[in-house]
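take a look and give me a structure for this.
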Amino acid sequence: MNEFDVTQFEAAFERRVRRYAAVPTRRFDAAAIAHDAVRPRRRLALPSLTRPALAPAYVLLLITLAGALLVGAAFAAGLLRPPQQPRPLGANGAIAFQVDPFDRSMAGDVHEVSADGSGDRLIATGRAPSFSADGVTLSYEAFDNTDPSLAEPHLVVAAADGGNPRTVSRAQVYEFKVAPDAHWAVGRETADGALTLLDLTSGAARTLLGAPSDPAVAYDDEVAWSPDSRFVAVGVLAEVHDGANIAQYQAAIDVVDVSTGVVHTVTERPGNPAGLGWSPDGSSLVYLGLPDGQPATEFAVAPPDLDIFTIRADGTDEHNVTNAPSSYSSPLWSPDGSRIAFRSSVAEDYLLGVIGATGGGVVYGPSVGLVSGDFIWSPDATMLLLVRNAHTYDVAAGDVYTGTLDTVDSSFRTAPKTLATFDRPLAFPSWQRLER
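Numbers count the residues shown, from 1 in each chain. Model (predicted):
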């Protein structure tokens, strides 16, 4: 077992027994939780300099060398790393999105339209389309409806226009998240919840994070890739009790080095995993968390109001951006790094908002609806693309859905412009970035 101290062990143990949303009661295995709490993590420590025979000059020299080695080891671990240059703002290319099927099965249709909404066309049967950061490839999940033994989706990588599709994996893995460089993807195993790393070139797969040893602990599906595709941030979910209720919440955020497998815990602030993401320069994370002083037990009573936080990837410089708890969700950093868009519940509706990345200057825009409300930034950071779905029930026709794809300028000075309308719900928009 790796060396650890009692304080760190108790903190890790406590983190492993809390969660965010209501789930069936499970029997807890204390030994299993304890084993998972002390999984290997890279630790950096200064060497002892207590020998009395050392002259002050030698002491200073050793301190300098130790500091240099410490910083060098931290950079090697990826815990301290200079901000990378953000990818230059691109031109706005095609927009891919999912159109839900009429029969409400998992396999929908993947459509593409141009940036002005023209040229709508069906390019594939599948779900969750996503363009690579360079705009060259498009990935999506597909289903083999002719093979009833295949219960889970497989990942397909194609050209940006949907041509030359190639099936990468048929493993029992779901919720694939493709890296910005389109070389890797991470998915969650259906059997035990482990996170699997998939090489999109060779199709080879390996475990990135093994399954937690206790069923009360889980990794969230919504992992987030760093812009340079070197790290994966993931919410660690745990359970909390208030006597009558049991709930799941985000107990920690871990960052995993893809090449080495080293895990670094960035924060243990209780929160909601929805909306975990990176800054464009890869230096920081954005997430939803409880304000200071509020215990995680609040999640067992009802979903509490949260704030939007940013924190450096090495766990330093945590900043409360909103500093006014509310029903925020889905914070999303703008491509130029200056702003964060979010969704917030106001008067039984969901509004789109934008705030400065360091706080202040918040403005609210249009309703994004209660059914879906997905939104993304345009590659040139001037607009937001939002999905607005409506649902009504007609006695003769039954359920009636309307899905629209709208754009709005990021300052909300103009009314939204509708690019496309469907008689089915829409989801998972992705905007292709083109070189200028």
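
which is the next helix or strand following the helix or strand hosting Thr418?
Assigned by DSSP states H and E, Thr418 belongs to strand 417-422. Following strand 417-422 in sequence order, the next helix or strand is strand 426-434 (DSSP H and E).

quick check: mean pLDDT of that following strand?
Per-residue pLDDT values over strand 426-434 give a mean of 93.

how close does the nearest residue to Phe309 once chain neighbours are set aside get to Lys177?
Nearest residue to Phe309, sequence neighbours excluded (CB to CB, 6 or more residues apart in numbering): Gly289, at 4.8 Å. Glycine gets a C-beta too; all of them are placed from N, C-alpha and C. Applying CB to CB, to the nearest Å, the value for Gly289 to Lys177 is 21 Å.

swap in Asp100?
20 Å.

next: Gln432.
With CB to CB as the criterion, Gln432 and Lys177 are 18 Å apart.

so Ser345 touches Ser327, yeah?
Yes: the criterion here is CB atoms under 8 Å, and Ser345 meets it with Ser327 at 3.9 Å.

buried ones in the strand holding Thr418?
Residues of strand 417-422 classed as buried: Leu419, Ala420, Phe422 (neighbour count, 16 or more other CB atoms under 10 Å).

and the closest residue to Asn164 other than its chain neighbours, what is it in contact with?
With sequence-adjacent residues excluded and distances taken as CB to CB, 6+ apart, Asn164 is closest to Ala158, at 5.9 Å. Neighbouring residues of Ala158 by CB atoms under 8 Å, 6 or more residues apart in numbering: Ile123, Ala124, Thr137, Leu138, Ser139, Tyr140, Asn164, Pro165, Arg166.

where does the chain dip in pLDDT?
1-87, 102-106, 144-152, 170-174, 190-191, 347-348, 368-373, 397 (pLDDT under 70).

the helices in it, which residues?
Counting by DSSP state H, the chain has helices at residues 6-15, 30-37, 56-77, 298-301.

identify the bridge partners of the residue nearest to Phe309.
Taking DSSP bridges, one obtains Gly271, Asp307 as the residues bridged to Gly289.

so it touches Asp307, yeah?
Yes: applying CB under 8 Å as the test, Gly289 and Asp307 come out as touching, 6.2 Å apart.

need the nearest residue in space to Val234, chain neighbours excluded.
Val234 sits nearest to Val223 (CB to CB, 6+ apart), 4.6 Å away.

for Ala124, give its distance to Tyr328.
In terms of CB to CB, Ala124 sits 33 Å off from Tyr328.

of the two, who's got more company?
Set side by side, Ala124 and Tyr328 show more neighbours around Tyr328, with 24 against 20, by other CB atoms under 10 Å.

what pairs with the more buried one across the strands?
Ser344.

would you check that it makes contact with Gly289?
No: between Tyr328 and Gly289 there is no contact under CB under 8 Å: 10.2 Å.

anything in contact with each of those two?
Common neighbours of Tyr328 and Gly289, using CB under 8 Å, 6+ apart, are Leu306, Asp307.

quick one: contacts for Thr421?
Thr402, Gly403, Thr404, Leu405.

what about the third one, neighbour count?
Burial measure for Thr404: 17 neighbouring residues, criterion other CB under 10 Å.

list the contacts of it.
Counting by CB under 8 Å, 6+ apart, Thr404 has contacts Val387, Arg388, Asn389, Thr418, Ala420, Thr421, Phe422, Leu426.

turn these into TSV, columns for distance to Ala182.
Shown next, in TSV, are the contacts of Thr404 (distance: CB to CB, whole Å):
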residue	distance to Ala182
Val387	24
Arg388	29
Asn389	29
Thr418	31
Ala420	26
Thr421	31
Phe422	28
Leu426	24
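
quick one on the thing from earlier: now the residue nearest to Asn164: how far from Gly203?
From Ala158 to Gly203 the distance is 15 Å (CB to CB).

same thing with Gly261?
Applying CB to CB to Gly261 and Gly203 gives a distance of 20 Å.

also Val113?
Taking CB to CB, one finds Val113 at 31 Å from Gly203.

higher neighbour count, those two?
When neighbours are counted by other CB under 10 Å, Val113 and Gly203 differ, and Val113 comes out ahead with 17 against 14.

across the sheet, point out what pairs with that one.
Under the criterion used (DSSP bridges), Val113 bridges to Ile95.

surely it meets Asn92?
No: at 11.6 Å, Val113 does not count as touching Asn92 under the criterion of CB under 8 Å.

what do these two both touch?
With CB under 8 Å, 6+ apart, Val113 and Asn92 have no common neighbours.

excluding chain neighbours, what is closest to Leu426?
Leu426 sits nearest to Gly403 (CB to CB, 6+ apart), 3.7 Å away.

now do the strands in the stretch 201-350 of the chain.
Counting by DSSP state E, counting those that start in this stretch, residue ranges of the strands within the stretch 201-350 of the chain are 205-209, 218-219, 224-225, 231-241, 246-257, 263-267, 271-278, 284-289, 307-312, 319-320, 328-333, 339-346, 349-356.

so which elements touch the first one?
Under the contact criterion of 3 or more CB pairs under 8 Å, 6 or more residues apart in numbering; DSSP states H and E, the helices and strands touching strand 205-209 comprise strand 195-199, strand 246-257.

packed most tightly, which of these would that be?
strand 246-257 (a mean of 23; mean count of other CB atoms under 10 Å).

tell me which other helices or strands it touches.
Contacts defined by 3+ CB pairs under 8 Å, 6+ apart place strand 246-257 against strand 205-209, strand 231-241, strand 263-267, strand 271-278, strand 284-289, helix 298-301.

of these, which is nearest Leu195?
strand 205-209 (4.2 Å; CB to CB).
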